[in-house]
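[1] Quick one: sequence plus predicted model below, questions after.
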Amino acid sequence: MVKSGLVVRSYSGYYYVDCDGTMITCKVKGHMKQKRFSLCTGDRVQLEKVPDKAAEEGMITSVLPRKNYLERPTVANLDLLVITLALAQPDFSFLIMDKLLVLAEAAKVPVLLVLTKADLVTEEQIEMIASVYKNIGYEVYVISSKTGKGIDALRQRLAGKVTAFGGPSGVGKSSALNAIQPGVLRTTGEISSKISRGKHTTRYTELVPFNGGYLADTPGFGNVLMENLSPEVLPACFPEFRRYEAECKFSPCSHTHEPVCGVKAAVEENKIALSRYTSYLSILEELKESKARNRR
Ligand SMILES: Nc1nc2c(ncn2[C@@H]2O[C@H](COP(=O)(O)OP(=O)(O)OP(=O)(O)O)[C@@H](O)[C@H]2O)c(=O)[nH]1
Ligand SMILES: [Mg+2]
Ligand SMILES: [Zn+2]
């Protein structure tokens, strides 16, 4: 019997597929492996139930086309990526935020920004960071899993959506998920493991049902690699540049050395945040270097 379902977790060759609430443990059929296609959490698949098995087991026979795909965190078909960064501990980094935004823009995944640990900083510090992104038009939620600030609003916003929380290690992704729906991570078993000094760190991406949709906790990362992006597409990943590009003399314009540049003028007039333009230049350099490296 052919069924369709959602891959909620993948683990060393096994895929856990939610078929209308029944969890079926699956492997993939040989012909799919040969295509070198790698399934991931969030994939919508078709499968054949293995008959006469007491346990729920199946074979995945095909994967439906993805509406989007992110490499970091590795997940497909998101309605929403929550880019999660701490206001402190670890220090907020404009560059990391902007890199994550670029990756989401390039993958055409809708984003929402969550700034965590609001209990550790002042209102002025929060506003200094949040205003940069609100001015561009991004949705920003400021939360504290410790005091509960902002949690209700975020919970309501995520209802009915397939959402993943992504961001560096230790910013409070798992804590935010637990605040949104207490117990949500415990129901999923060994989702995290204890590391030094009693800290828990998330080991893999898993979608868990939440209010008509799904939520995914994902493992945090150290540095953000930008390798699979070509430098030419970078300007389009900064949505606030768009309205000023008409003033650029050259098209395309890299917004770096060109004599007449609407984007550079907008930065000088404080219409584009200097931190964003600084991130743009630094990401552009990184992309050019990795392109040169790949050519060698
Ligand atoms: N003060 C404060 N500490 C927080 C808050 N949220 C999380 N923390 C602390 O930050 C640390 C990391 O929290 P986690 O929720 O495990 O972070 P994570 O992003 O899931 O980390 P990884 O799974 O390793 O990527 C823990 O010691 C939490 O207690 C908060 O709102 N305020
Ligand atoms: Mg975690
Ligand atoms: Zn320009």
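    On my side now, so go ahead. Numbers count the residues shown, from 1 in each chain. Ligands and ions are numbered 1, 2, ... in the order given.
[2] Now do the strands in the stretch 51-200 of the chain.
    57-63, 69-71, 74-76, 80-86, 111-116, 140-142, 162-166, 192-194, 200-202 (DSSP state E, counting those that start in this stretch).
[3] For ligand 1, find the nearest of those strands.
    Of all these, strand 200-202 sits nearest to ligand 1, with 3.4 Å by Cβ to the nearest ligand atom. In short, each C-beta sits where N, CA and C put it, glycine included.
[4] hmm, back to that, ok, of the strands of the stretch 51-200 of the chain, where does mean pLDDT dip lowest?
    Of all these, mean pLDDT reaches its minimum on strand 192-194 (a mean of 52).
[5] Using JSON lines, lay out the strands of the stretch 51-200 of the chain together with mean neighbour count.
    Output for those, formatted as JSON lines (neighbours: other Cβ atoms under 10 Å):
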{"stretch": "strand 57-63", "mean neighbour count": "18"}
{"stretch": "strand 69-71", "mean neighbour count": "17"}
{"stretch": "strand 74-76", "mean neighbour count": "22"}
{"stretch": "strand 80-86", "mean neighbour count": "24"}
{"stretch": "strand 111-116", "mean neighbour count": "23"}
{"stretch": "strand 140-142", "mean neighbour count": "20"}
{"stretch": "strand 162-166", "mean neighbour count": "26"}
{"stretch": "strand 192-194", "mean neighbour count": "12"}
{"stretch": "strand 200-202", "mean neighbour count": "16"}
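[6] between the ones you listed, which gets nearest to G5?
    strand 57-63 (8.5 Å; Cβ to Cβ).
[7] Check which helices and strands that closest one sits against.
    strand 14-19, strand 22-28, helix 30-34, strand 44-49 (3 or more Cβ pairs under 8 Å, 6 or more residues apart in numbering; DSSP states H and E).
[8] Sheet partners, orientation included, of the last one?
    Partner strands for strand 44-49, per DSSP bridges, with pairing direction: strand 2-11 (antiparallel), strand 57-63 (antiparallel).
[9] centre of the chain versus the last one, how much separation?
    Distance of strand 57-63 from its chain centroid, counting by Cα atoms, centre = their mean, to the nearest Å, is 26 Å.
[10] Can you say which of the helices and strands packed on strand 57-63 is nearest to K149?
    strand 14-19 (32.2 Å).
[11] So which residues on the stretch 151-296 of the chain come close to ligand 3?
    248, 253, 255, 261, 263 (Cβ under 5 Å from the ion).
[12] Just the ones in helices from those residues, please.
    V263 (DSSP state H).
[13] could you dump the strands of the stretch 51-200 of the chain to CSV with distance to ligand 1?
    Shown next, in CSV, are these (distance: least, Cβ to the nearest ligand atom, whole Å):
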stretch, distance to ligand 1
strand 57-63, 28
strand 69-71, 16
strand 74-76, 14
strand 80-86, 7
strand 111-116, 5
strand 140-142, 10
strand 162-166, 8
strand 192-194, 6
strand 200-202, 3
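[14] Mind checking these for the one nearest to K271?
    Across the strands of the stretch 51-200 of the chain, closest to K271 is strand 140-142 (Cβ to Cβ), at 19.1 Å.
[15] List the strands paired with that closest one, with their directions.
    By DSSP bridges, strand 140-142 pairs with strand 111-116 (parallel).
[16] picking that back up, can you list the residues of the stretch 151-296 of the chain next to ligand 3 in TSV and add pLDDT?
    Shown next, in TSV, are these (pLDDT from 0 to 100):
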residue	pLDDT
C248	97
C253	96
H255	98
C261	98
V263	98
